[in-house]
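Q: 3D, please:
(one chain, ligands or ions: 1)
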Amino acid sequence: MLTILACLVVGIFAVGFVRRIGIFARCPAPLKIALTPAPTTTAGVAWRLCTEVLFFHSLFKGDRWAWFGGILFHGGLLLVLLRHLRYFVEPLPAWFAQVQMVGVVAGMVMVGGVGLLLLRRLGVDRVRHISAPADYLWLLLFLGLGTSGLLLRFGLRPDIVTIKTTMLNLWYYPQTLPLLLPGDFLFLGHLTMAAILLVLFPFSKLMHAGGLFFSPTRNQVDNPREKRHINPWAKG
Ligand code: HEM
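A: Numbers count the residues shown, from 1 in each chain. Below you'll find the predicted structure:
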């Protein structure tokens, strides 16, 4: 049962993600609309995209609070997910055991970042005005994932050994998770939220994770005088 559900969840995420990236890639960019000041070479564009992905460069210029909350949240999430590899990989490299605490602190940073983003959405009039229910849903989902994760770490401990064995054997020996400890039920909530996240991801604004690379304002070279931009609709 757990195996079928896991296949469905991962399948919907993977197929949905690839399909949406295909749609983004095929979407024509009829106009030269690089956001200036923009790089005039392809290497410059690559660098610009790197600064967007690593430092959220344009967000920094546009909205410092969103930038600060965003950096805390995304940075924390990345490290948390790396730490989660320990549930899916065996054997783990020895150094991985040494950096576990970094992942736990990252969990707190992540929750702090989401909290800040939520406060901003609720507290800043012009942001609240343009917020849709889905904007709150994502923040609440990540808040739920983060707080339940921290509670699993510091409060109601689940049976980690059984969880890891179940995750590792999921593909070979389909089984259900034996629920014995109170923490196991909290873990089930944690897992359900992760599944909801994966299933809805391809249909949501979270696709900005891949969509960023296809934004014409960011990925175009600013060379309209050197090279004629031909509208793809005008070709053949
Ligand atoms: C995007 C999805 C997920 C997010 C954002 C997330 C977040 C977190 C956070 C912030 C923590 C506390 C810090 C830590 O111990 O690392 C945590 C703990 C935990 N997570 Fe997740 N999690 C996710 C998915 C999953 C999945 C799929 C599993 C399945 C194995 C899982 C299993 C656990 C367990 C067992 C703990 C307790 C750690 C411990 O006691 O050492 N999480 N999670």
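Q: ok, residue 220 - how many residues close by?
A: 20 (other Cβ atoms under 10 Å). To be clear about C-beta, it is placed using only N, CA and C from the backbone, and glycine gets the same treatment.
Q: give me the nearest residue to it, chain neighbours excluded.
A: residue 34 (4.0 Å; Cβ to Cβ, 6 or more residues apart in numbering).
Q: what's near enough to touch the one you found?
A: Neighbour list for residue 34: 216, 217, 218, 220, 221, 222 [criterion: Cβ atoms under 8 Å, 6 or more residues apart in numbering].
Q: now these: which count as buried?
A: Buried members of the contacts of residue 34, scored by 16 or more other Cβ atoms under 10 Å, are 218, 220, 221, 222.
Q: next step: the residues you listed restricted to helices.
A: Counting by DSSP state H, the part of those found in helices is residue 218.
Q: which ones among the buried ones among the contacts of residue 34 lie within strands?
A: Judged by DSSP state E, strands contain none of those.
Q: all helices for the chain, in order.
A: Counting by DSSP H, the helices of the chain are 2-26, 42-55, 57-62, 64-84, 94-98, 100-123, 125-129, 133-154, 160-169, 182-200, 208-211, 216-219.
Q: need the residues of the chain near the ligand, please.
A: Contacts of the chain with the ligand, taken as Cβ under 6 Å from any ligand atom, map to 77, 80, 83-84, 87, 103-104, 107, 110, 145-146, 149-150, 152-153, 158, 160, 163, 167, 187, 190-191, 194, 197.
Q: buried subset of those residues, written for ChimeraX?
A: In ChimeraX, a selection of the buried entries from these looks like this (16+ other Cβ under 10 Å):
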select :77,80,83,103,107,110,145,146,149,152,158,163,167,187,190,191,194,197
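Q: what sits against the one residue in the chain that gets nearest to the ligand?
A: Of all residues in the chain, residue 149 sits closest to the ligand, at 2.2 Å by Cβ to the nearest ligand atom. Residues in contact with residue 149 (Cβ under 8 Å, 6+ apart) are 80, 107, 190.
Q: the same query, at a cut-off of 7 Å, please.
A: 107, 190 (Cβ atoms under 7 Å, 6 or more residues apart in numbering).
Q: from residue 162, how far out is it?
A: Residue 149 is 17 Å from residue 162, where distance means Cβ to Cβ, to the nearest Å.
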